[in-house]
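Novice: Fold the following for me, if possible:
(chains A and B)
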Amino acid sequence: MLSCGLRFLFGQAGSASVLLICVFPNPLFAQTSAEATSQSEMQPYAEPITHTDVTIEMVPIPGGTFVMGSPPSELSRGEDEGPQHKIEVAPFWMGKTEITWDQYEIWGENIDIARRKIFDSPATPNDEIADAITRPTPPYTDMSFGMGKQQNPAICMTQHAARMYCKWLSAKTGHYYRLPTEAEWEYACRAGTTTAYSFGDDVAQLDDYAWHAENSEERYHDVGQKKPNPWALHDMHGSVSEWVLDQYIPSAYSKQTTLVSNPLTVPTVLFPRVVRGGGWDDEPGMLRSAVREGSSEDWKQQDPQVPQSIWYHTDAQAVGFRVVRPLVVPTAEERAKKWDSTAPPQLDPVVE
Amino acid sequence: MKKPQTSNTSRRSFLKTTGTAAAATTMLSGIASGAHAGEDNVIQLALVGCGGRGTGAATNALSIDAGPIKLVAMADVFQSNLDNSHGNLVKNFGEQGKIDVAEDRKFIGFDAFQKAMDCLKPGDIVILTTPPGFRWVHYTYAIERGLNVFMEKPVTVDGPGTRKMLALNELALQKNLKVAVGLMCRHCDARRELFDRVQSGEIGEINMLRAYRMAGPTASAAVPPKPDGISDLMYQIKQFHGFLWLSGGAVSDFLIHNIDESCWIKNAWPIEAKASGGRHYRGDFIDQNFDTYSIEYTFEDGAKLFVNGRTIAGCNSEFASYAHGSKGLGVISSQSHWPSKARIYKGQNADKANLAWEYPQPEKHNPYEAEWEHLIAAIRADEPYNEVERGCMASLVTSMGRMAAHTGQVITLDKMMNCEHEFAPGIDKLTLESESPLQPNAEGKYPIPYPGLIKNREYA
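Specialist: Numbering: from 1, shown residues only, chains lettered A, B, ... in the order given. Okay, the predicted model is just below:
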């Protein structure tokens, strides 16, 4: 069981470390509620991050089918939201909220490593694996843009940074975390609904559920303050737009003619990639469940360095992400081919 | 729109940050000037210092619409820096024919700047974007060659360097060279309108200003132990934010913009600084920086400018500047450098109900490009354009705050200007094999400030 948990990180090469895990049992696995072998066993749980007092709350999302996209009759609808088509999605856990600064900066600013040093706590085997995963270069600016940190959503990261965070979180916890696919995201956002928003079509109710341009006072707010959707997820509408794994292709839906299971448009170019859900700076129409938005090079306008950083979108001040964890952990091969696949490679310039 | 800042206030009046162009400038005959008057002549660029900002500055220069321009020579001390930079520029501008840097116009070494500048004709532009410790060395040669210059901020890191730059600049003024300094906030449309409004009394008398650059670990300010296989000299250059002789450290490199924009809006330079700061989390890091800096500047009229700098992970962040006047509050910058979101409030609270004016959003005009538009316009029109004196003053004022923190003493502007601690004597004679001007102790750590123990210099 223990080795299964980590095998996805190593593939075949991981046997030595797996042995270590057996010598130093991972306390996480004592938390039975985080483990499940079938959908019926899935429970909400809080994923602790070692050497910190931070946890990430996860809620189960049952597998199922849904109709993706919006009908032509929907108000503010974009062409790229159709045609509607049927999608099947396998079960997963999803972050109850977007990743917060408290959760993000542990990785982004090496808080876990600093706390280990200062408080003299030895690294766990998982820490050692996690430490080897690339972290962002220090930025030149305040990436919270004066809007506060802690329980506020982390922003301004590139999709690459969000992907690397997931990779680090996976190593750190022994659970496979990744960004949701665009289909998983919309499925979870809709939570069984077929209306423009997960609470219906009445925009007048939006303030109860979301931070957007008309109620945000031009800044983000602590996550989880607004009402959740039917599946207990907060801030799927508004707060910050959320990275998903997919390349943004406006006509993507027109190719889906039969029922598709777990679709993913693996990205092959850097721009545009998909964000979903709208942010604190968006008008209500941009917060609908079906809205698709593509990233753009303009999101780095403020970065005066060339090449511009692979880690920061200085102008994406309403873009963040949340994580998912599939019930069935894909094999190393499946991950390489599909779930973790992205191109071109993102590398910092090396000066020697 | 306001005209570009062309003023170069005389040193006697340097306590005013702006003013009408010194009469002397216009009286002096242009020697190298006029070479690119008009729109049709190709301006050639040489890039000296091919790091991220140097490549960014070249990118800005090649992006704007201001007549034909191309890059013809590059210089650095790291081959990989030059190669990365060239690769990126070719990718972005190669098809437009704006990159014309043959292999024999790529130069590596501490004398590479001369060779790169030798590829230019008088009136072309050299971009000086190495760490600022080298600025006076490179500026000396640029003036000798009659080149126009874009130099990144800061322009000096210590007292002796500032005196040298100001003296050198007299020669540049005599030759009517156009010289820009990368304090791009001064070229921001929103801030320029705020400046005009403040000068016309919209917030009353400015009694207090506040500026913050409080963020997590920034750039190369925290330097890990030096690995084997690289000399102290080359390692320090690679991690230049960590070392005072190269960059002036975290204060000079990071805080200068907020200090400069605050002084600009106040329209004065402070005459004195006291400050505190300390090293709480330096652990194994071997650089010379503090984790925190709190500086109190005093202006001649008694008004104060409080500056807070911090590079500690996990803390609240703020990156902004504010001017408190007797009638209102001016927000100079809100979040980082751009957009500035400049605005004015009645009273002292940034409360929406009190909003008296705000610059229309979004701000489309990137100040990093605006500073190039203004420079090239001056070159094409052959108008006086020299920002070095105010660049020197902004650098010196910033150093004054840094020295106050590093020594624990009150530092006056006069004292800073006349300070004899030259961080890197012989910087103009370095070679790739030289010993660094900053030597490590037996543990591989470099000298750091000891406030109260070392008082007349920042480290020993």
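Novice: So which residue is dead centre in chain B?
Specialist: Centre of chain B computed as the mean C-alpha position; nearest residue by C-alpha atoms, centre = their mean is B:Lys153, 1.3 Å away.
Novice: Check what contacts the helix or strand hosting A:Met58 and list those residues.
Specialist: Assigned by DSSP states H and E, A:Met58 falls within strand A:55-61. Contact with strand A:55-61 is made by A:34, A:36, A:39, A:42-49, A:89, A:91-97, A:99, A:103, A:169, A:184, A:187-188, A:231-233, A:323-325, as judged by C-beta atoms under 8 Å, 6 or more residues apart in numbering or on different chains. In this view, the C-beta of every residue, glycine as well, is placed from N, C-alpha and C.
Novice: Okay, and which of these map to strands?
Specialist: A:45-48, A:89, A:92-95, A:324-325 (DSSP state E).
Novice: just those residues now: which is nearest B:Gly444?
Specialist: Relative to B:Gly444, the closest of the ones in strands among the contacts of strand A:55-61 is A:Pro48; by C-beta to C-beta it sits at 36.9 Å.
Novice: With chain B as the reference, measure out to the closest residue to that closest one other than its chain neighbours.
Specialist: Nearest non-adjacent residue to A:Pro48, counting by C-beta to C-beta, 6 or more residues apart in numbering or on different chains: A:Thr55, 4.9 Å away. Distance of A:Thr55 to chain B, computed by C-beta to the nearest C-beta, to the nearest Å: 17 Å.
Novice: Give me the pLDDT for A:Thr55.
Specialist: Confidence at A:Thr55, expressed as pLDDT, is 97.
Novice: ok, now which ones touch the closest residue to B:Tyr359 other than its chain neighbours?
Specialist: Leaving aside its sequence neighbours, B:Tyr359 sits nearest to B:Ala190 (C-beta to C-beta, 6+ apart; 3.7 Å). For B:Ala190, the contacting residues are B:339-342, B:359, B:363, by C-beta under 8 Å, 6+ apart.
Novice: ok, and for the strand holding A:Met58, which residues are buried?
Specialist: In terms of neighbour count (16 or more other C-beta atoms under 10 Å in any protein chain shown), strand A:55-61 has its buried residues at A:56, A:58-61.
Novice: thinking again about what came up before, name the nearest residue to the residue nearest to the centre of chain B, ignoring sequence neighbours.
Specialist: The shortest distance from B:Lys153 to any non-neighbouring residue, by C-beta to C-beta, 6+ apart, is to B:Gly182 (4.7 Å).
Novice: ok so, going back, from the contacts of B:Ala190, pick the one nearest chain A.
Specialist: Chain A lies nearest to B:Pro339 out of these, by C-beta to the nearest C-beta, at 8.3 Å.
Novice: Please confirm that that closest one is located within a helix.
Specialist: No - secondary structure of B:Pro339 (DSSP: H, G, I helix; E, B strand; the rest coil): coil, not part of a helix.
Novice: Can you tell me the number of residues neighbouring it?
Specialist: 23 (other C-beta atoms under 10 Å in any protein chain shown).
Novice: need the contact list for it.
Specialist: Going by C-beta under 8 Å, 6+ apart, B:Pro339 touches B:190, B:361-363.
Novice: Name the pair among those with the greatest separation in space.
Specialist: Spanning the widest gap among these are B:Ala190 and B:Pro362, at 10.5 Å by C-beta to C-beta.
Novice: quick revisit: show the pLDDT at the residue nearest to B:Lys153.
Specialist: B:Gly182 is assigned a pLDDT of 98 by the prediction.
Novice: my guess is it meets B:Pro154, correct?
Specialist: No - B:Gly182 is beyond contact range of B:Pro154, at 9.2 Å (criterion: C-beta atoms under 8 Å).
Novice: re the thing from before, and the contacts of strand A:55-61, which of them are buried?
Specialist: Buried residues within these, counting neighbours by 16+ other C-beta under 10 Å: A:34, A:36, A:39, A:42, A:45, A:47-49, A:89, A:91-97, A:99, A:103, A:169, A:184, A:187-188, A:231, A:233, A:323-325.
Novice: quick one: what helix or strand has A:Ile113 in it?
Specialist: Per DSSP H and E: helix A:111-118 holds A:Ile113.
Novice: Just checking, which helix or strand succeeds that helix along the chain?
Specialist: Note on helix A:111-118: by DSSP H and E, the next helix or strand toward the C-terminus is helix A:125-131.
Novice: Could you check that following helix against chain B for contacts?
Specialist: No - using C-beta under 8 Å from any C-beta of the partner chain, helix A:125-131 stays clear of chain B, coming no nearer than 13.9 Å.
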